[in-house]
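Peer 1: Okay, predicted coordinates and the sequence, questions at the end:
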Amino acid sequence: MEVVNAIGRRKAAVARIYLSEGKGQITINKRDLKEFFPSPILQYIVTQPLNTLGVAENYDIKVNIYGGGVKGQAEAIRLAVARALVKVNEENKPALKAEGFMTRDARVVERKKPGQPKARKKFQFSKR
């Protein structure tokens, strides 16, 4: 099997992944998964598509990620992994789609407007 690449995005985070056959090693920015994401919840998010299909020990994944925060980065990697698994085998798509891993979450932070303290919040109104 040749190397399969895919891109995942979430908020401001962009993940480029390279999926190849291997022993289940996940490397993010040249660091191990457990070192890059010390939180078990974020590690779980990254490995969700692999665990859903039961192929966690079959593939090595190399990730380049930048932008956003830790949660956005983890979810960007999840989307990229799901897309790569579909490129490997098209039959994986229905199972991943049912879990919601194939959908790009397009919600991003709304910009701050002039004359307001935040995007929607207004300064206190004074009648007099």
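Peer 2: Good, I have the coordinates. Numbering: from 1, shown residues only.

Peer 1: which residues in the protein form strands?
Peer 2: 4-10, 13-21, 26-28, 31-32, 59-66 (DSSP state E).

Peer 1: can you redo those as JSON lines with distance to Pro114?
Peer 2: C-betas here are computed from N, CA, C, even on glycine. Output for the strands of the chain, formatted as JSON lines (distance: least, C-beta to C-beta, whole Å):
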{"stretch": "strand 4-10", "distance to Pro114": "28"}
{"stretch": "strand 13-21", "distance to Pro114": "28"}
{"stretch": "strand 26-28", "distance to Pro114": "38"}
{"stretch": "strand 31-32", "distance to Pro114": "41"}
{"stretch": "strand 59-66", "distance to Pro114": "29"}
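
Peer 1: and those, which is most packed in?
Peer 2: strand 26-28 (a mean of 21; mean count of other C-beta atoms under 10 Å).

Peer 1: other SSEs contacting that strand?
Peer 2: Judged by 3 or more C-beta pairs under 8 Å, 6 or more residues apart in numbering; DSSP states H and E, the packing partners of strand 26-28 are helix 33-36, strand 59-66.

Peer 1: shaky segments in this structure?
Peer 2: Along the chain, segments meeting pLDDT under 70 are nowhere present.
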